[in-house]
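J.: What follows is a predicted structure for the sequence shown.
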Amino acid sequence: MPYVTGRKAHLIIPVGLEKQVARSPIEITRQLHEPMESLNRVPGMYLFTAGEIVTEIEALGMLANVKAYQIAAGGIGGAEGSVRLICRGSRKAVRQALNVAEQIYGEPPFAGPEERPAN
């Protein structure tokens, strides 16, 4: 962060919609910094206050010129952590959005089980 703020760089923060929570991130961060007892390791959270958040919705808008809307999240049978989107736009733009999605569909996880830190 010192490099970003010191050089006045434009920070893009990629955030998947499956990470969405229904509470204020400010309140969550505050509570995580309070002393607490826990049965396991509690992850920390750093709240970025500058930068541009880009979710799948914004990415599809940039890459395919569509308006995307989230209609569902989660699932079973391999759909855990997934999101369902509806795309609106010209036929050509919607086909481009489908093409973008097909290019990344089935991509391996960013960090597989062998790369994740143990609790």
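T.: In hand now; what should we look at?

J.: Checking the residue sitting furthest away from the middle of the chain next. Helix, strand or coil?
T.: Within the chain, the residue lying farthest from the chain centre (Cα atoms, centre = their mean) is residue 37, at 28.6 Å. Assigned by DSSP: H, G, I helix; E, B strand; the rest coil, the conformation of residue 37 is coil.

J.: so how far is residue 49 from it?
T.: In this view, residue 37 and residue 49 are 29 Å apart by Cβ to Cβ, to the nearest Å. No exception for glycine: its C-beta is placed from N, CA and C like everyone else's.

J.: I'd assumed residue 45 was in a strand, is it?
T.: No: counting by three-state DSSP, one finds residue 45 to be coil, located in no strand.

J.: From what I see, it and residue 32 are in contact.
T.: Yes: counting by Cβ atoms under 8 Å, a contact exists between residue 45 and residue 32, whose distance comes to 5.2 Å.

J.: Report the contact partners of the residue positioned nearest the centre of the chain.
T.: Per Cα atoms, centre = their mean, the C-alpha nearest to the average position across the chain is that of residue 16, at 1.6 Å. Residues in contact with residue 16 (Cβ atoms under 8 Å, 6 or more residues apart in numbering) are 55-56, 81, 83.
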